[in-house]
Every structure is written in C-alpha cells, then in structure tokens.
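A.B. asks: Need the 3D shape of this:
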Amino acid sequence: MGFDVKRLDIYRKVPKDLTQPTVSGAIISVCCCSFMFLLLVSELWNFISPDIVSDLLVDNPGNQSGRIAVHLEISLPRLQCQYVGLDIQDDQGRHEVGMVENTKKTPVLSGAGCLMVADFQINKVPGNFHVSTHSSRQKPAEADFAHVVHELRFGRRVSADRLPMASFSPLSERHALDSPASASHDYIMKVVPTVYVDLSGVELVSYQYTYVSRARSQLGRAPAIWFKYDLNPITVRYHERRPPVYTFITTVCAIVGGTFTVAGIVDSAVFTASEMFKKFELGKLT
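C.D. replies: This is a model prediction of the structure:
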C-alpha cells in the first residue's frame with residue numbers, strides 16, 4: 001500500500017453541500033474584498049513611488065574645472081537694450097565687463113525695455129555678477145533698473161516634481177518695479193551644492209540657494225542689479241530609495257491573511273449572534 005500524499009494537505013476542503021451561505025456573510029465578504037483591494041492598491045502605489053532620502057556631506061560635486069553654469073533671465077522695462085550689460089567679478093581676480101558670449105538681449109515694450117537672457121559660468125569662489133550700464137559707451141540720461149527676474153538658476157535644471165521641498169530658483173518671477181529710478185538692487189545669495197541620484201544611479205548636479213534683497217540709493221555712482229553669491233562647503237545629496245520586493249510581498253501576504261482572519265472572526269460572531277437570536281424567538285434558548 002503506497003503512501004497517500006493527500007494526507008499532507010493542510011488546506012482540507014469542505015464540500016459545498018456542507019456549507020451554508022448567509023446574507024451577513026455575503027455583506028462581510030464584499031466589505032472584506034473591497035477593503036483588501038484598497039489596501040493592496042495603496043501598498044502598490046507606495047512601492048512604485050520611491051522615497052526621497054537626503055543627507056549632508058563635504059564634497060565638491062560637478063565637473064573638475066571648478067566652474068558652475070548659471071542661467072539668468074531678467075527683464076528691465078525702463079532701460080533700453082543698448083545700455084544693458086552683464087559684468088562678472090570674483091575673489092580669484094576675474095573681472096569681465098560687458099560679457100556678450102551666450103547673451104541675448106531682446107527689446108520689449110516697443111524698444112523702451114529689454115529682456116536679457118544669459119548663460120555663463122562662474123568660479124567656485126565668492127563673487128558677484130551684475131546687470132549694469134558699465135559696458136555701454138553711451139550712458140542713458142537716467143538709468144532705471146526696475147526689473148523682473150524671470151529665472152536665476154545655478155547648475156542644471158531639476159524638476160520641481162522630483163524635489164518639491166528644494167529651492168533651486170527662488171528668485172523666479174521676482175518683481176522689483178516700485179523702487180526709485182536711481183536705486184541699486186542687491187541680491188545676496190547663499191549657494192548650496194545639491195546632488196540628485198535616481199534609482200538607476202544617475203547623478204544630477206545642481207545648486208540650491210537662498211537670498212536676501214535690498215534696494216539702496218546710489219549717490220554719485222551708476223545704479224546696477226547686483227547678484228552676490230557665496231558657496232556653502234556642505235553638499236546636500238538626495239537619492240531615491242525603494243524597498244526590496246520581498247517587503248512588498250510580505251506586506252501583501254499580511255494584508256490578505258490579516259483581513260481574511262479578522263473578517264472570519266466578525267462573520268463567526270455575527271452568525272453565532274443571529275443563531276442565538278433565532279433560538280430566543282422560538283423559545284429554545286436555555
């Protein structure tokens with residue numbers, strides 16, 4: 001006589017003709033399945049959406065040339081393009097007046113104003129770049145530096161959807177249109193190197209910054225818009241992290257098993273209570 005492998009079955013089956021369906025059991029079953037479905041969808045969404053973890057480190061990210069790419073887009077509605085120029089200075093002795101490389105100036109407001117877009121690089125040392133009339137051979141009768149900063153970005157653009165908590169371009173759409181015509185504008189910025197690493201290990205280097213601003217009168221000197229920056233030696237590193245697959249499988253098993261167990265306890269309690277109530281109505285409850 002051979003060994004009956006069916007004896008190893010721990011999930012013994014009960015014939016359907018020995019089971020009794022109930023209305024309360026059907027309601028609990030529907031609620032149980034709906035609850036499990038919602039939990040499973042929520043857990044799947046959490047699994048496929050990676051967490052963003054941040055840490056701090058002393059590092060010098062980016063290229064080894066020691067330079068940072070800067071993108072500046074600014075409009076001056078009361079100053080013509082022929083007077084507008086970009087100057088760069090830093091603590092390494094760099095001093096460029098009227099930089100024209102990768103700089104585009106577009107007349108706006110029928111030529112009364114100017115939109116300037118510039119892409120340039122700065123050294124990784126404290127310094128400044130400023131929009132002024134210093135490079136113009138002919139000076140305007142009155143240099144009004146009322147402006148709107150549409151975008152100022154250091155490094156590569158990082159989508160706000162990826163890191164909504166970061167501030168890569170806090171000066172975007174900054175309006176300064178109400179200051180006196182002879183006023184200079186100062187933006188003092190603290191630049192923080194930032195590295196974003198996705199799940200595949202690809203690094204994206206950019207720079208966050210914070211700023212304070214002020215408008216001041218210039219007596220005897222031509223006004224300008226100054227962007228003064230200093231670099232933080234601490235790098236912020238963001239990296240995506242996703243839990244391993246086995247944790248997702250474990251959670252799914254816990255949801256399914258736990259929900260079925262609790263639903264079974266509730267169904268048994270409801271069924272027992274209903275049977276006792278029927279016996280009480282028939283007067284058979286002793």
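A.B. asks: Would it be right to say that Ala26 lies in a strand?
C.D. replies: No - secondary structure assignment (DSSP: H, G, I helix; E, B strand; the rest coil) places Ala26 in helix, not in a strand.
A.B. asks: Next one: it from Ala176, what distance?
C.D. replies: For Ala26, the distance to Ala176 (CB to CB, to the nearest Å) stands at 68 Å. The C-beta positions use only the backbone N, C-alpha and C, and glycine is treated the same way.
A.B. asks: between those two, which one's more packed in?
C.D. replies: Ala176 (16 against 11; other CB atoms under 10 Å).
A.B. asks: do you know how far that one is from Asp87?
C.D. replies: Here Ala176 is placed at a distance of 19 Å from Asp87 (CB to CB).
A.B. asks: for Gly98, same thing?
C.D. replies: When distance is defined by CB to CB, Gly98 is 7 Å away from Asp87.
A.B. asks: And Val58, by the same measure?
C.D. replies: 32 Å.
A.B. asks: Low-confidence regions, this protein specifically.
C.D. replies: Within the chain, the stretches with pLDDT under 70 are 1-2, 9, 11, 17-18, 62-65, 160-162, 164, 220, 284-286.
A.B. asks: residue boundaries of the helices in the stretch 1-150 of the chain?
C.D. replies: All helices of the stretch 1-150 of the chain, identified by DSSP state H, counting those that start in this stretch, fall at 23-48.
A.B. asks: And the strands in it?
C.D. replies: Residue ranges of the strands in the stretch 1-150 of the chain, as given by DSSP state E, counting those that start in this stretch, are 51-58, 67-76, 85-90, 95-96, 103-108, 113-123, 127-132, 147-155.
A.B. asks: looking at the ones you listed, which is closest to Tyr196?
C.D. replies: Closest approach to Tyr196 among the strands of the stretch 1-150 of the chain is made by strand 51-58 (8.7 Å; CB to CB).
A.B. asks: Please enumerate residues in contact with stretch 215-230?
C.D. replies: Stretch 215-230 is contacted from outside by 72, 74, 122, 126-134, 139, 143, 145, 147, 152, 176, 179-180, 182-191, 209, using CB atoms under 8 Å, 6 or more residues apart in numbering.
A.B. asks: from the residues you listed, which would you call buried?
C.D. replies: 72, 74, 122, 127-133, 143, 145, 147, 152, 176, 179, 182-187, 189, 191, 209 (16 or more other CB atoms under 10 Å).
A.B. asks: Tell me which residue lies nearest the centroid of the chain.
C.D. replies: Central residue of the chain (CA atoms, centre = their mean): Leu163, 1.5 Å from the mean position.
A.B. asks: That one and Tyr196 touch, don't they?
C.D. replies: Yes - between Leu163 and Tyr196 a contact is recorded at 6.6 Å, counting by CB atoms under 8 Å.
A.B. asks: That concludes my questions; thank you for your assistance.
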